[in-house]
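>>> fold the following.
(3 chains)
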Amino acid sequence: MSETVLEVRDLSVYHGQLCAVDNVSFVLGQGEILAMIGANGAGKSTLLRTIAGLHHPSAGTISFKGVDLTNLTPNRRVRLGLSLVPEGRRLFSSMTLEENLLVGAYRAKKGPFTIDRIYDLFEWMPSRRKQSVWQLSGGEQQAVAIGRALVANPQVLLLDELSLGLAPIVIERIYALVPEIVSQGVSILIVEQDVAQGVAVADRVHCLLEGRTSLVGAPSELTTDQIDRAYFGSDLTQSSPGEGMGA
Amino acid sequence: MSIDTPRREGGPSVRRSSTSPLFALGGSIILIGFLTIAPWIVPAEWSSVLMNFFILVIMATMWNLLAGYAGMVSIGQQAFIGLGSYATLYFALKGVNPFLTIPLATITCAVLAVPITFLLLRLRGGYFSIATWVVSDTALLIIGAVAYFGGGTGKLMPGLQYLSPSQTAHDTYLATWFVALVVVVGTYLLLRSRLGLVLASIRDNEVAARSAGVNVQSARRLIFIVAAAGCGAAGAVLAVSQPFIQPSSVFNIQWAAEMIFVSMIGGLGTIEGPIIGSAIFFTLQQSLQQYGVWYLVIFGSLAVVIALWQPRGLWGAFRDRYHTELLPVGYHLREEK
Amino acid sequence: MIWINVVIQGVLVGGFYALFACGLSLMFGVMKVINLAHGDMAVVAGYVAVFLTPQLHIAEIWSLLVVVPLFALVGYVLQRTLIQKSIDRDPFTTLLVTFGLSVVIENLLLEFYTANAQTVNVGALGYESWHPGSIFYISYVSLGVLVAAVAVLAVLQLFLSHTGTGRLVRAVADDREAAQLSGANYRHIFGIAAAIAFATVALAGIAYGMQTQFVPTSGGVNLLFAFEAVVIGGIGSLWGTLVGGIALGMAQVFGAHFNPEYQRLAGNVLFLLVLAVRPRGLFGKSTSVS
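Predicted coordinates:
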């Protein structure tokens, strides 16, 4: 049984009056890859952002290696070893590729991921390091965003919708990095709308539906039908066409 | 053409936020009556004090319309106050009866505002605010360079000397009072109309409003023109009531400061806010003025404190606490029982 | 010859405007704060130089060695307290708070130091100028201010592009959340930006006092010019602010050439033209202006 690095217990997060995350609990073990799947608006990104410290939960706790994160600002969480690669890349658009990495590395913890190591991981980067990031393609930007988070040498890496807006072959290449990252001792929490991708890469899967946990388990234990129902919600799969339309 | 949507049983209905409380309506009628006959029953100095108060109410109501409803924070409304004053002067110099110049000046300001909107309305936030300041400074400089208007020293309004002083005072009072009444009632009706709802939707969520088909730019343009006209009217009555017109006084940024201070006290987004805010501000101003610059220090500090701790204004806080609304312009959604 | 003089005087005054405005540009670029009290801070620096540093037995001309660091500290503290609180609310609040501060500062100065004009004493240097070609007059003080402005902007640019903290400032300006996620304490970075802004405006205030007389209300009109310089040059570009300041300066000198009354008007017209034709300014990034 591997050591728990991240524990989320009974977490609820509200956006105004809307409950985005409803009483969610899970643990992430050392060296594990946990995939949060769910439809658009299921609460996955909100969950990740809350863990990173950008949202305040209304209930529940988050602990990182035993440390309660509740009152810690996002940058303190990064110092502890928790890094989020946000949805939409969010690179610093006025800066070059290298500068983006330098920001991530500023006062970072010591660890295997130096900027040179990132340049090894992505061979195309060194020749483009002085380019402004807005000149890069979507996939390249995603790589830079991951690199920027990695140079902080996190122990837990949160990845939010890596595949959004990217071509399938690019997504494949990005996901091929995941085992490499894990081999350095990093635990990963992935949020994915693409179920197949999430299931393929994860050790365990956690499905959210309208903010609530609908299914938990290892990919090998779960059937496609189970995942479908947990993803979409049982009601829809039971009604037949023609019903419920203005009777 | 309306589409018949089937009504669900027990669905919500839309209702005005409350029927105007009777006491507010009754009180308003009494107050209006009193203020109309005021020049004949109160001492003469009170008349001019009241006139300055009415002018302040007009300006504050217009600023509230711009900032509180349309989200446009202007620190340059004094441009239209000045333009209104000088338009009045212009028409009076051409021989028009000074009191008739007031509506003419108002229309002039509305017309002048139109090309200005094409420049300003492309800007947002701070850019918009600074641009309004520059526009007002530019208006000041241009008018001040025109010899016909007396240049930097100013000019006396013609046409007011034909009456006896008390008659003039009564006439100018009634003119100011009437304009203030028209502006406040007009704004109230505007905000209770469909346009008011449109503005509220833009203020709350512009993207959602746009996708519901609201023409945001047109609504903003209309409000800017209305506010320009209103401030022009204020400038016009200012010219008639203090008949020596100088660029440095009618284009003064002090007017902007007063509009801001009033909204601090009265809060934004209500009709009565500017009125109550004006009343409180005016009273404070009159009583503290003897202390020289300290009264400005107090107001400045008050602005900081209120902005940080009571952003809905003092009246706003009172409203929240006691759940009253004197002149309602909002809506409630009620579940049908 | 006349036009060369226009250019020279325009560049000189432009350098001053750039020094005055770079803090404004920084605060708006990094925190999206429009500091309506910016001009007044310069005036306060002038008053501190004239009235308070002599008490430390420092000649007024060297007062900047004390005043500039002091203002940096004041800027940091003010940002972490009052201004941060208003940023947390909304942009309108920061306008109101800085507006209120401006009113308080101007009137307190008026109360304690009256409306009498003051200058920062630079001794004989204040009256001397350079006479290139026996035709042009370039006052040494103005030239010094221009040199100082360029130096400050260069140092600032180096700071932003070559130091870790400077990069964090740019990161926070680009995307505050992403910067937090990269480990930046954005409140502290805001404080640093404010400290720089206040330090530069203090320097500008003392420079102003060396060149001309000032009164408690001098901040207002200079604030307008500072805004104009920033917008003309483009938000987010320090060298743009220099170019904007010079463009504004030249426009003003050009206008004054025809009629002294047209000086300010010419600058305003240039500003409005730039807004009409290219709102993001000459070197501005196309961030949301409209």
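>>> residue numbers of chain B in contact with chain C?
Applying CB under 8 Å from any CB of the partner chain, we find that chain B lies next to chain C at B:67, B:73, B:119, B:122-127, B:129-131, B:133-135, B:137-138, B:141-142, B:144-145, B:253, B:257, B:260, B:264, B:292-294, B:296-297, B:299-304, B:307-308, B:311. All C-beta atoms are positioned from the backbone trio N, CA, C, and that covers glycine.
>>> name the nearest residue to residue A:21, ignoring sequence neighbours.
residue A:13 (4.0 Å; CB to CB, 6 or more residues apart in numbering or on different chains).
>>> about what we covered before: buried among the residues of chain B next to chain C? Need that as a selection in PyMOL.
Buried members of these can be picked out in PyMOL with the line below, counting by 16 or more other CB atoms under 10 Å in any protein chain shown:
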select buried, chain B and resi 67+73+122+123+125+126+127+129+130+131+133+134+135+137+138+141+144+253+257+260+264+293+296+297+299+300+302+303+304+307+308+311
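>>> list the buried residues of the helix or strand that residue B:39 is a member of.
Secondary structure from DSSP states H and E places residue B:39 in helix B:22-41. Neighbour-count burial for helix B:22-41 flags B:24, B:28, B:35, B:38-39 (criterion: 16+ other CB under 10 Å).
>>> of those, closest to chain A?
Ranked by distance to chain A (CB to the nearest CB), these are led by residue B:24 at 31.0 Å.
>>> I'd like to know how far residue C:224 sits from residue C:266.
According to CB to CB, to the nearest Å, residue C:224 and residue C:266 sit 13 Å apart.
>>> right, I mislabeled it, should have said residue C:94
Separation of residue C:94 from residue C:266 (CB to CB): 30 Å.
>>> who's more crowded, these two?
Neighbour comparison, residue C:94 and residue C:266: the larger count goes to residue C:94, with 26 against 21 (by other CB atoms under 10 Å in any protein chain shown).
>>> could you report the neighbour count for the closest residue to that one other than its chain neighbours?
Here the nearest residue to residue C:94 in space, its sequence neighbours aside, is residue C:86; by CB to CB, 6+ apart that works out to 4.4 Å. Number of residues near residue C:86 (other CB under 10 Å) recorded here: 22.
>>> run through the residues that contact residue C:86.
By CB atoms under 8 Å, 6 or more residues apart in numbering or on different chains, the contact list for residue C:86 reads B:307-308, C:93-94, C:96-98.
>>> now do residue A:65
Applying CB under 8 Å, 6+ apart to residue A:65 gives the contacts A:5-6, A:80-81, A:155.
>>> inside strands: which ones of these?
A:5-6 (DSSP state E).
>>> count of residues packed around residue C:117?
Applying other CB under 10 Å, we find 10 residues neighbouring residue C:117.
>>> wait, isn't it in contact with residue C:214?
Yes - contact between residue C:117 and residue C:214 holds when scored by CB atoms under 8 Å: they sit 6.8 Å apart.
>>> residues of chain A that sit close to chain C?
Residues of chain A lying close to chain C (CB under 8 Å from any CB) are A:52-54, A:73-75, A:78-79, A:83-84, A:86, A:90-95, A:99, A:102-104, A:106-108, A:148-149, A:152.
>>> now, of those, which are buried?
For the residues of chain A next to chain C, a burial check counting by 16+ other CB under 10 Å picks out A:52-54, A:74-75, A:78-79, A:83-84, A:86, A:90-95, A:99, A:102-104, A:106, A:108, A:148-149, A:152.
>>> the strands in chain B, which residues?
B:12-16, B:155-156, B:244-245, B:331-335.
>>> worst mean pLDDT among those?
Here the strands of chain B differ in mean pLDDT, and the lowest is strand B:331-335 at a mean of 56.
>>> flag the shaky bits of the stretch 151-300 of chain B, pLDDT-wise.
B:160-164 (pLDDT under 70).
>>> where does it get nearest to chain A, residue-wise?
For the stretch 151-300 of chain B, CB to the nearest CB, closest residue to chain A: residue B:205, 11.6 Å.
>>> quick one, phi/psi of that residue?
Dihedral pair for residue B:205: phi -160, psi 100, per degrees, to the nearest 10.
>>> can you tell me the closest non-neighbouring residue to residue A:212?
residue A:22 (4.6 Å).
>>> helix or strand: which one has that neighbour?
strand A:18-29.
>>> which of the residues in that strand are classified as buried?
For strand A:18-29, by 16+ other CB under 10 Å, it's A:19-22, A:24, A:26, A:28-29.
>>> next one: stretch A:126-138
Quick answer for stretch A:126-138 (16+ other CB under 10 Å): A:128, A:132-133, A:136.
>>> so for the spatially most central residue of chain A, what's the pLDDT?
Nearest to the mean C-alpha position of chain A, by CA atoms, centre = their mean, lies residue A:159 at 2.4 Å. You'll see residue A:159 listed with a pLDDT of 95.
>>> with adjacent residues omitted, what lies nearest to residue B:234?
The shortest distance from residue B:234 to any non-neighbouring residue, by CB to CB, 6+ apart, is to residue B:58 (4.2 Å).
>>> ok, how many other residues are close to that neighbour?
Neighbours of residue B:58 using other CB under 10 Å come to 29.
>>> likewise for residue B:288?
Residue B:288: 14 surrounding residues under other CB under 10 Å.
>>> my guess is it contacts residue B:282. True?
No - the criterion here is CB under 8 Å, and residue B:288 misses it with residue B:282 at 11.0 Å.
>>> now the residue of the stretch 151-300 of chain B closest to chain A: how far from chain C?
15 Å (CB to the nearest CB, to the nearest Å).
>>> swap in residue A:134?
11 Å.
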